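Chemist: When you get a sec, could you give me coordinates for this:
(one chain, ligands or ions: 1)
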Amino acid sequence: MSYSNSIIFGPVPSRRFGISLGIDLSPSKKQCNFDCLYCELEKAKTVDKMTTYPSVDEVIEAVKDSFSKHPKIDVITITANGEPTLYPDLDELVKRLNKIKQNSKTLILSNGSTIYKKEVFDALLSIDIVKLSLDCVSQKCFKKLDRIHSGIDIEKIVESMIVFRQQTKNEFVLEILFVKDINDKDEEINLLYEAVKKINPHRVDIGTIDRPPAYEVKPVSFELLEKVANTFKGINVNIAFKNRPKQTNTYSEDEIKALLKRRPLTNEDIENMFDEKSKTLLKNMVKSDEISLVNSGGLNFYKIC
Ligand code: SF4
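Modeler: Residues are numbered from 1 along each chain as shown. Modelled structure (predicted):
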């Protein structure tokens, strides 16, 4: 079968993971069990399984072909025009990718909704980096924002994420996308924080809309994301925000410790918050082991030792 779009995209350089080779498991059309307000794809009726998809053989052949042309691939990214875990042969695909991946890592970008299905859960355990979404914890918000297929239960998703984190030996990253007037209320943020604490992922990426969305919804401000990051005490939070405002200050040792006690900071945070003098101070504190630089979920965080 031939597809209007290719199964493979890239390789492209990605800031976080190096050279990424993308796999699209739904190249012909959007097939998703969500219809998120913020989706960058067109609006579409939700489905609970894929009906049109490439075979495992076709995907593996396409990946092998790319590897022969581009030997330096750091990460094989499993995605879809929609939700990749709706691919019926995910487990077999992951097993075969693991056999041919050489030194690269596998990464999946999923909306997280199928993690309570045993076959998906098991397949995810064999992927090197698993990045799942969690936009809301109340079922009401979940339905409104992610416009889910009937029968998807947020409580079961959160429970499975907790178990997944306990069982996985690989990296687990959670992603939360905030939309103005939908999941940016204190009540929802607090519910998210409670869930994130229990899930305990290696890293949480928080962001907002930065490309034209399927529906008329608006992004939240950088300040809101910063507020969320500060609410998520002790969690490795990475703020993803295009053109974030730069506001540098001078911090003393005690102030740096107080900042890091509240939350670990990324290099990007440091660049946006610290002046040169404070950066030097921070480096010295790392040298004297007062502060450590820890890689968590593929990103470095400055933390109190
Ligand atoms: S889960 Fe992803 S692909 Fe599906 S509707 Fe939401 S944003 Fe779009």
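
Chemist: How is the chain divided into domains?
Modeler: What the record gives for the chain is the domain set 8-241, 246-305, from automatic domain parsing.

Chemist: hey, least reliable of those domains by pLDDT?
Modeler: In terms of average pLDDT, domain 246-305 trails the rest of the domains of the chain, at a mean of 91.

Chemist: how distant is it from the center of its chain?
Modeler: Taking the mean of its C-alpha atoms, domain 246-305 sits 23 Å from the chain's own mean (C-alpha atoms, centre = their mean, to the nearest Å).

Chemist: and this structure, which of its residues are near the ligand?
Modeler: In this structure, the chain approaches the ligand at residues 32, 34-36, 39, 41, 82-83, 111, judged by C-beta under 6 Å from any ligand atom. Where C-beta positions appear, they are placed from N, C-alpha and C, glycine not excepted.

Chemist: ok, Arg147 to Leu174 distance?
Modeler: For Arg147, the distance to Leu174 equals 20 Å [C-beta to C-beta, to the nearest Å].

Chemist: Who has more neighbours out of these two?
Modeler: Neighbour comparison, Arg147 and Leu174: the larger count goes to Leu174, with 26 against 18 (by other C-beta atoms under 10 Å).

Chemist: Now do the same contact list for that one.
Modeler: Shown in contact with Leu174 (C-beta atoms under 8 Å, 6 or more residues apart in numbering): 131-134, 161, 196, 199, 201, 203-205.

Chemist: hmm, which of those residues are the buried ones?
Modeler: With burial judged by 16 or more other C-beta atoms under 10 Å, the buried subset of the contacts of Leu174 is 131-134, 161, 196, 199, 201, 203-205.

Chemist: Out of the residues you listed, list just those in strands.
Modeler: Assignment to strands by DSSP state E places the following of the buried ones among the contacts of Leu174 there: 131-133, 203-205.

Chemist: Could you look up the SS state of Leu293?
Modeler: What DSSP: H, G, I helix; E, B strand; the rest coil gives for Leu293 is strand.

Chemist: Neighbours of it, how many?
Modeler: Going by other C-beta under 10 Å, the residues that sit close to Leu293 add up to 13.
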